[in-house]
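Please work out how this folds:
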Amino acid sequence: MAHTAQGDARRALGSLELAVDLVPEGETRLSREIAQQAVGGRALRYDKAGEEHYNVVSAFIKSMRASDADAAVYWLARMLEAGEDVDFVARRIVIFAAEDVGNAEPQALPVAVAASQAAHQIGMPEAVLPLTQAALFLALAPKSNTALTAYANARKDVLRAGSLEVPLAVRNAVTPLMREAQYGVGYKYPHDFEGGVVPGNESYLPEALRGQRYAHPGPRGWEAAAWARLQQLREGTGEGGEPGLRASERWGGER
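Numbers count the residues shown, from 1 in each chain. Next up, the predicted model:
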């Protein structure tokens, strides 16, 4: 067992734990045969720099994306039991939370980050617990790739159109000269309106990009409900009730 560990104490301890688990109930002796079986079980086909590494990682990610919790936990165990770096696994989980779950379940990213921090703090073998918790949460959560697609869409126009001017309405008029130049003119303070949303199709995009859509929220989870609420407010059909004083009136000036 010491020889096959190749100087890796964590791997040696893992082999020892597996060997103990393989000892039949009622026996107290660890035989050479069981030790060999444990070492063979640890020698999983998993080259960290080779094709199998990327195959297993890909299977882990695609299993969570497909909401296959059983497969996700299996591939997670394959990585960790083969000696994969805990921080590498944790990073993949955090990336997945933002890329594939996103705002369909806003708690996904906090759960993933907490699991990453916990795993880094406690190390193996206990690190498997927060990582498994996070993998199960992400596999079972509703899915949305809006963060990925929205940024990619916006990036195309940023690279294509360059540094377009910020609309005057959303510039801060911090000097008299700026106010004379119409900075801030036409800006509508959202808190003055029902639900904190300006009715209509108010856009703060540069003039050349008015009408462009980058964010296309998915049909699941919190994201879908938030988008539906926003659309109702923009159309004037959401959150009833008589409006009180405008925020600018309460505070004695425009915001």
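
Give me the mean pLDDT for the helix or strand harbouring Lys156.
Counting by DSSP states H and E, the element that carries Lys156 is helix 146-161. In this model, helix 146-161 has an average pLDDT of 93.

now it, how far from the centre of its chain.
Offset of helix 146-161 from its chain centre (CA atoms, centre = their mean, to the nearest Å): 18 Å.

That helix: which residues count as buried?
146-147, 149-150, 157 (16 or more other CB atoms under 10 Å). Glycine gets a C-beta too; all of them are placed from N, C-alpha and C.

Equivalent analysis for stretch 130-144, please.
Under 16+ other CB under 10 Å, the buried positions of stretch 130-144 are 130-132, 134-139, 141-144.

and which of those is nearest Thr4?
Closest approach between these and Thr4, by CB to CB: Leu131, at 24.8 Å.

want to try JSON lines for the buried residues of stretch 130-144, with distance to Gly123 and secondary structure as columns?
Shown next, in JSON lines, are the buried residues of stretch 130-144 (distance: CB to CB, whole Å; DSSP: H, G, I helix; E, B strand; the rest coil):
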{"residue": "Pro130", "distance to Gly123": "11", "secondary structure": "helix"}
{"residue": "Leu131", "distance to Gly123": "12", "secondary structure": "helix"}
{"residue": "Thr132", "distance to Gly123": "15", "secondary structure": "helix"}
{"residue": "Ala134", "distance to Gly123": "16", "secondary structure": "helix"}
{"residue": "Ala135", "distance to Gly123": "18", "secondary structure": "helix"}
{"residue": "Leu136", "distance to Gly123": "21", "secondary structure": "helix"}
{"residue": "Phe137", "distance to Gly123": "21", "secondary structure": "helix"}
{"residue": "Leu138", "distance to Gly123": "22", "secondary structure": "helix"}
{"residue": "Ala139", "distance to Gly123": "24", "secondary structure": "helix"}
{"residue": "Ala141", "distance to Gly123": "26", "secondary structure": "coil"}
{"residue": "Pro142", "distance to Gly123": "32", "secondary structure": "coil"}
{"residue": "Lys143", "distance to Gly123": "31", "secondary structure": "coil"}
{"residue": "Ser144", "distance to Gly123": "32", "secondary structure": "coil"}
